[in-house]
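Student: One predicted model, sequence on top.
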Amino acid sequence: MLCNLSSKTKRILILGAGFGGISAANLLRNNPTIASKGHQITIIDQKDYFMMGLVNLWILNGIRTLEDSKISLSKLEDKGIRFLHDEVTAINVISKTVTIGRASNLKLEYDYLVIALGAEFALEEVNGFSENGGINLYDADQIPSLREKLLSLKNGRIAICITSIPYKCPPAPYEASLLINDMLLKNGSRDSVYVDIYTPTPIALPVAGTKISQSVVNMLNDNDIHFHPSHKIKEVLDKGKIDFENGKRVDYDILIGIPPHKAPVVIRNSGLIKQGQNYMSVDKYTLKTEYENVFAIGDVNEIKVNGNIFIPKAGIFAEAQAKVVSQLIIDDIETNNLSLSSSRFDGKGFCFMETGNQQAGYVAADFYNEEGPATSLESPSKESYKKKIDFERRRLSEWF
């Protein structure tokens, strides 16, 4: 079945209601031209709620609950944004259609398509992880039980494993280790529990460079958290042991994993990824794909900066890219000439890295800096922690 909309209005389809998708939908709807001319904005997601990934760690340390952190995406309807709670099953850039619903097989036509489907998790690629009690740090539904396990652990070893790169929010595993440290200190069990963090990379944060990576490792050392670089999981065994590709075998009582990430299956099946690449290719400034009026923002795209450095997969970059793409679409609707728009993604972003005791560091980055990516890290402070709390509050207020 084909869903036809009036040719007098532009049909803007946004796939994915994450940071980038929700930000783009709101920016477009709030524009006077879009609002006054009746152009239609539709956002599609297989989840019916939104929750920032950073909230996982707040649920972990007990300042939030999962139930109180979910925002219904139906609220977007109140802002004049059409929300479809469904699965995207096919994208055809030739016919300019998107198919949703495995049963209904509904086809939606578009004039502009914004792909913001993010990345999918692939823990099945880590042999034995799920079968032997491994917990996905990025799965909000698993966090409450993880918290219970951590608080009930009186002695033993906690292994936090980054399984592969790239992954969402590069500092998150280190934040988790520091917050777990804080939890155990307050619980009185820290002296009897070892906390180890393993990464396949030679430094902690390759996207941030050696200096900031060393600063992160210094923070870990100061809190008796053991950092193990160049450790890629080969297999999780059935008796609380992990084998690494470098030949090492270690014990664990609680295994926390940052899962492998990959492009969504619909993107791969629709032929939108070029050979030799893992995610969608876009113009580094406009986020345009090679297809007419199709943009890809956030974790679903791959923007190489130099060498082996890519724009990190993080909400702040998805939001910045959404601003650019929204303005490009607005300018094209107003002028009928996309090339006239001056909207450009500048490669800048930031994040907060919590360290426990209601403190957070502040990481800023400029990946398009002429002399190469430039990053900085401000020491943890209560002020930055408050800014992180406000970061979520302000966006939820604007978006919903």
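Tutor: Nice, I can see it.
Student: If residue 363 is in a bridge, with which residues?
Tutor: Each beta-bridge partner of residue 363 is listed here, defined by DSSP bridges: residue 351, residue 377.
Student: how much space between residue 271 and residue 282?
Tutor: In this structure, residue 271 lies at 16 Å from residue 282, with CB to CB, to the nearest Å as the measure. Every C-beta, even on glycine, is put in place using the N, C-alpha and C of the backbone.
Student: do residue 166 as well
Tutor: To residue 282, residue 166 is 15 Å away according to CB to CB.
Student: And for residue 361?
Tutor: Residue 361 is 30 Å from residue 282, where distance means CB to CB.
Student: Comparing residue 166 and residue 282, which residue is more hemmed in?
Tutor: residue 282 (24 against 18; other CB atoms under 10 Å).
Student: Now find how far off-centre the longest helix seen in the chain is within its chain.
Tutor: Once the chain is assigned using DSSP state H, the helix that runs over the most residues is helix 315-335. Per CA atoms, centre = their mean, to the nearest Å, the displacement of helix 315-335 from the mean C-alpha position of its chain is 19 Å.
Student: ok, and for that helix, which residues are buried?
Tutor: Going by neighbour count (16 or more other CB atoms under 10 Å), the buried part of helix 315-335 is 315-333.
Student: Rounded mean pLDDT for that helix, please.
Tutor: Rounded to a whole number, the mean pLDDT of helix 315-335 is 96.
Student: Which neighbouring elements make contact with that helix?
Tutor: Using 3 or more CB pairs under 8 Å, 6 or more residues apart in numbering; DSSP states H and E as the contact criterion, the neighbours of helix 315-335 among helices and strands are helix 19-29, helix 32-37, strand 112-115, strand 348-356.
Student: repeat that for 7 Å
Tutor: Other helices and strands packing on helix 315-335, by 3 or more CB pairs under 7 Å, 6 or more residues apart in numbering; DSSP states H and E, are helix 19-29, helix 32-37, strand 348-356.
Student: least reliable of the ones you listed going by mean pLDDT?
Tutor: Confidence, taken as mean pLDDT, is least for helix 32-37 of those (a mean of 89).
Student: Would you format the helices and strands packed on helix 315-335 as CSV with mean neighbour count and distance to residue 102 included?
Tutor: Rendered in CSV, the data for those read as follows (neighbours: other CB atoms under 10 Å; distance: least, CB to CB, whole Å):
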stretch, mean neighbour count, distance to residue 102
helix 19-29, 26, 21
helix 32-37, 13, 31
strand 348-356, 22, 36
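Student: Surely residue 158 is within a strand?
Tutor: Yes: Residue 158 sits within a strand when classified using DSSP: H, G, I helix; E, B strand; the rest coil.
Student: pretty sure it is touching residue 189, no?
Tutor: No: the pair residue 158 / residue 189 is not scored as a contact, 10.7 Å apart, by CB atoms under 7 Å.
Student: on that earlier part again, got the angle for the longest helix of the chain vs strand 348-356?
Tutor: Note on geometry: by axes from the mean of the first three to the mean of the last three CA atoms, to 10 degrees, helix 315-335 and strand 348-356 are set 150 degrees apart in direction.
Student: Out of the helices and strands packed on helix 315-335, the one nearest residue 395 is which?
Tutor: For the helices and strands packed on helix 315-335, proximity to residue 395 was assessed by CB to CB; helix 19-29 is nearest, at 7.9 Å.
Student: So what touches that closest one?
Tutor: Defining contact as CB atoms under 7 Å, 6 or more residues apart in numbering, one finds that helix 19-29 is touched by 12, 14, 34-35, 41, 43, 50, 76, 79-81, 114, 116, 297-298, 315, 318-319, 321-323, 325-326, 329-330, 398-399.
Student: any idea which helix or strand carries residue 179?
Tutor: Counting by DSSP states H and E, the secondary-structure element that holds residue 179 is helix 172-187.
Student: Show me where the stretch 151-300 of the chain has its helices.
Tutor: Assigned by DSSP state H, counting those that start in this stretch, the helices in the stretch 151-300 of the chain fall at 172-187, 210-222, 265-269.
Student: which helices and strands does the longest one pack with?
Tutor: Helix 172-187 sits against helix 55-60, helix 143-152, strand 156-162, strand 193-198, helix 210-222, strand 348-356, with contacts defined as 3+ CB pairs under 7 Å, 6+ apart.
Student: Walk me through which strands the third one pairs with, and which way each runs.
Tutor: Meaning strand 156-162. Taking DSSP bridges as the criterion, strand 156-162 sits next to strand 193-198 (parallel), strand 254-258 (parallel) in its sheet.
Student: residues in contact with it?
Tutor: Counting contacts by CB under 7 Å, 6+ apart, the residues outside strand 156-162 that touch it are 173, 176-177, 180, 193-200, 233, 242, 250-258.
Student: Ok, the last one next?
Tutor: Contact partners of strand 348-356, identified using CB under 7 Å, 6+ apart, comprise 57, 169, 171, 174-175, 178-179, 181-182, 219, 314, 316-317, 320, 360-366, 380, 384-385, 387-388, 391.
Student: now these: which count as buried?
Tutor: In terms of neighbour count (16+ other CB under 10 Å), the buried residues within these are 57, 169, 171, 174-175, 178-179, 181-182, 219, 314, 316-317, 320, 360-363, 365-366, 380, 384-385, 388, 391.
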